[in-house]
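Student: For reference, the sequence and a predicted model appear below.
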Amino acid sequence: MSNHPIALSQALASFDALWSPRIVTRVNDYDVRVAKVEGEHVWHVHDHTDEFFLVLDGELDIALREAGGERTVSLATGSVFTVPRGTEHKPSSPSGASILLFEPTGTLTVGDRHDEVPAHVDATTGHAL
């Protein structure tokens, strides 16, 4: 990782792949990742970590399966949301979005448990910029 400022707009402009996050920097044992998203991800669970989302552009929906049932949170540009560890969730964005994720280094994008991963979703621990 370089110890220089990183413009998120330039980082996002450097790739086109959807649901395929790029690691822009690290903070202690955490990755700061940016991703372009459109359509649906996959239902998945991170058993041992929360997952932080910041919508940089567009809108992101996150469907959640919780003890009380299923609900969806909608995040507009500038909104943040943390999915608690152990919560089954599925991000989606019908019209596309750019997001920033904050999670422990090595966290798999499809979690510890997941539905079948569709071809348009990159099951990765993040790619270097």
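Tutor: Good, I have the coordinates.
Student: so where's this structure shaky on pLDDT?
Tutor: Per-residue confidence for the chain (pLDDT under 70) gives these ranges: 1-2.
Student: May I ask you to name the longest strand in it?
Tutor: Longest strand in the chain, counting residues (DSSP state E): strand 88-104.
Student: Can you list the helices and strands that that one packs against?
Tutor: Contacts defined by 3 or more CB pairs under 8 Å, 6 or more residues apart in numbering; DSSP states H and E place strand 88-104 against strand 30-40, strand 44-45, strand 51-58, strand 60-66. Heads up, the C-betas are built off the backbone N, CA and C, glycines and all.
Student: what pairs with the most centrally placed residue in the chain across the strands?
Tutor: Centroid-nearest residue in the chain, with CA atoms, centre = their mean: Leu101, separated by 5.0 Å. Applying DSSP bridges to Leu101 gives these bridge partners: Arg33, Phe53.
Student: what's near enough to touch Ser9?
Tutor: Under the criterion of CB atoms under 8 Å, 6 or more residues apart in numbering, Ser9 has no neighbours.
Student: Tell me how many other residues crowd Thr125.
Tutor: By other CB atoms under 10 Å, 15 other residues sit near Thr125.
Student: Excluding sequence neighbours, find me the nearest residue to it.
Tutor: For Thr125, ignoring the flanking residues on the chain, the nearest one in space by CB to CB, 6 or more residues apart in numbering is Gly106 at 5.2 Å.
Student: sec struct for that neighbour, please.
Tutor: At Gly106 the chain is in coil, as set by DSSP: H, G, I helix; E, B strand; the rest coil.
Student: re the thing from before, would you mind identifying the next helix or strand past the longest strand of the chain?
Tutor: Next in sequence after strand 88-104, counting helices and strands by DSSP states H and E, comes strand 113-114.
Student: Pairing partners for that following strand, with directions?
Tutor: Here, using DSSP bridges, strand 113-114 pairs with strand 44-45 (antiparallel).
Student: Please enumerate residues in contact with the partner strand?
Tutor: Gly86, Thr87, Glu88, His89, Lys90, Val110, Gly111, Asp112, Arg113, His114, Asp115.
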